[in-house]
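Chemist: below: sequence and its predicted model.
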Amino acid sequence: MGRIHNFSAGPAVLPLPVLEQARDDMVDYKGSGLSVMEMSHRSKEYLEIITNAEALLRELMGIPANYKVLFLQGGATLQFAMVPMNLVDDPENQTADYVITGAWSKKALEEARKVLKNTHVAASSAAEKFTRIPRQDEWQLSGPRPAFVHITTNNTIYGTEYSYTPDTGDIPLVADASSNILSRPVDVNRFGLIYAGAQKNLGPSGVTVVIVREDLVGLRPNANLPVMLDYKPHVENGSMLNTPPTYAIYILGLVLQWVKAQGGVNAIETRNLRKAEKLYGAIDGSNGFYACPVKVDSRSRMNAPFILANDALTETFLAEAKKAGLSQLKGHRSVGGMRASMYNALPEESVDALVEFMAGFAQRNG
Ligand SMILES: Cc1ncc(COP(=O)(O)O)c(C=O)c1O
């Protein structure tokens, strides 16, 4: 069997040239006689890999010099706790504000509540089953100076995405960008901290990228945070406080080289827009055979949930799609129906194949 169309929500499809390069490098990286997996993280070869990965991420995202880039472990989930542990200098008195747009922002808030006395929900779309992103004029902040405002820029499960970057003035804006990082240009200056698990748009699981403005590092010198949970020692040691996830960072570097070769983030965005327009067009143009529950202005370019008017056909749809080489289309268990994830590395042909299959399925069953 050849490669299939992989609509997985994550870990997700990787660019084929990246996998091929990794295969070629597997047992002998550039004549070193070693696999990247077998190298000391302090070796000259490996330092070049991690340095280049950071430089390329800075270049592609336009990360300003006053931001630090970290490659950490523990997934985005560990950042749910590390952010409030590090960014609130007075956890007894200060508040952190959260905008709740789905399951992942709820989890971020739950973790914050374990380490802070005061948290506040500035806005939530829970009452609308998370089918849209609240506008900023709907937010009610806890006061003039919360320690930060946390948003989830793309909601992997519910298929919603911010179409705007909130303006929080002097209040640090913190973003979980796990499922849309590098899919569209963003002005990093508008954020205090951005974090993302790599396993959707950046590479394999096991490495988490944290981009943090330098004045937000080391806010709690007397807190005696466990060393792995404190951004400062990670910054001081260039993500080498302990052994980093060396192989995952190597693959991430290859993915970034691929993004650059595609023409960078602008070119990637153009293709992502085309892919999303094709799929949502197929859903909206199906005369109600398919439907997307998400409000049009909040639709995600990365994860498109859709349902069949006749839910009894869902299992047949998924089984026939699988036979046609269209894999991992089952919706998240909390939402049901289908979900097509269309991350950067998903080829446009995969969307074309899905759209064609959907039209045929509607014709056979409509
Ligand atoms: C938006 C978002 N945040 C956080 C997570 C959790 O990430 P991790 O598994 O890296 O902890 C996910 C995982 O799918 C996600 O989609």
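Modeler: Looks like it arrived, so ask away.
Chemist: pull the residues that contact stretch 343-350.
Modeler: Judged by C-beta atoms under 8 Å, 6 or more residues apart in numbering, the contacts made with stretch 343-350 from elsewhere in the structure are 5-7, 10, 12-15, 18, 179, 182-183, 200-201, 255, 258-259, 268, 271-272, 274-275, 278, 302, 326, 342. (Glycine included, C-beta is placed from N, CA and C.)
Chemist: repeat that for 7 Å
Modeler: The set of residues external to stretch 343-350 that reach it, using C-beta atoms under 7 Å, 6 or more residues apart in numbering, is 5, 12-15, 182-183, 200-201, 259, 268, 271-272, 274-275, 302.
Chemist: again, but for stretch 222-233
Modeler: Counting by C-beta under 7 Å, 6+ apart, the neighbours of stretch 222-233 from elsewhere in the structure are Leu70, Met82, Met85, Asn86, Val212, Val217, Gly218, Leu241.
Chemist: put the buried members of those into a PyMOL selection.
Modeler: What follows is the PyMOL syntax for the buried subset of these, where burial is set by 16 or more other C-beta atoms under 10 Å:
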select buried, resi 70+82+85+86+212+217+241
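Chemist: going by distance to the ligand, which of the contacts of stretch 222-233 wins?
Modeler: Nearest to the ligand out of the contacts of stretch 222-233 is Met82 (C-beta to the nearest ligand atom; 11.6 Å).
Chemist: now that closest one: which helix or strand?
Modeler: Met82 belongs to helix 75-87 when assigned by DSSP states H and E.
Chemist: does the helix or strand that that helix is followed by reach the ligand?
Modeler: For helix 75-87, the following helix or strand on the C-terminal side (DSSP H and E) is strand 95-100. No. Using C-beta under 6 Å from any ligand atom, strand 95-100 stays clear of the ligand, coming no nearer than 12.6 Å.
Chemist: ok, then the element right after strand 95-100?
Modeler: Taking DSSP H and E as the definition, the helix or strand that follows strand 95-100 towards the C-terminus is helix 103-115.
Chemist: quick check: buried residues in that next one?
Modeler: Taking 16+ other C-beta under 10 Å as the neighbour-count basis, helix 103-115 is seen to contain the buried residues Ala103, Trp104, Ser105, Lys106, Ala108, Leu109, Glu111, Ala112, Val115.
Chemist: which elements pack onto it?
Modeler: Helix 103-115 sits against helix 75-87, strand 95-100, strand 118-124, strand 149-152, with contacts defined as 3 or more C-beta pairs under 7 Å, 6 or more residues apart in numbering; DSSP states H and E.
Chemist: please repeat the previous calculation with a cut-off of 10 Å.
Modeler: helix 75-87, strand 95-100, strand 118-124, strand 149-152, strand 154-155, strand 173-176 (3 or more C-beta pairs under 10 Å, 6 or more residues apart in numbering; DSSP states H and E).
Chemist: among these, which comes closest to Asn310?
Modeler: When those are ranked by distance to Asn310, counting by C-beta to C-beta, first place goes to strand 154-155 at 26.3 Å.
Chemist: near the ligand at all, the following helix or strand past the closest one?
Modeler: Using DSSP H and E, the helix or strand that follows strand 154-155 in sequence is strand 160-161. No. Counting by C-beta under 6 Å from any ligand atom, the ligand has no neighbours in strand 160-161; the shortest distance is 10.3 Å.
Chemist: shaky segments in this protein?
Modeler: Counting by pLDDT under 70, the ranges of the chain that qualify are 1.
Chemist: would you mind listing what in this protein touches the ligand?
Modeler: Gly10, Gly75, Ala76, Thr77, Trp104, Thr152, Thr156, Asp176, Ser178, Ser179, Gly197.
Chemist: repeat that for 8 Å
Modeler: Selection of the chain residues close to the ligand by C-beta under 8 Å from any ligand atom yields 9-10, 74-80, 102, 104, 107-108, 152, 154-157, 176-179, 197-200, 205, 208.
Chemist: distance check, the residue nearest to Gly337 when sequence neighbours are not counted against the ligand.
Modeler: Excluding its sequence neighbours, the residue lying closest to Gly337 (C-beta to C-beta, 6 or more residues apart in numbering) is Ile307, at 3.7 Å. Here the criterion is C-beta to the nearest ligand atom, to the nearest Å. By it, Ile307 lies 20 Å from the ligand.
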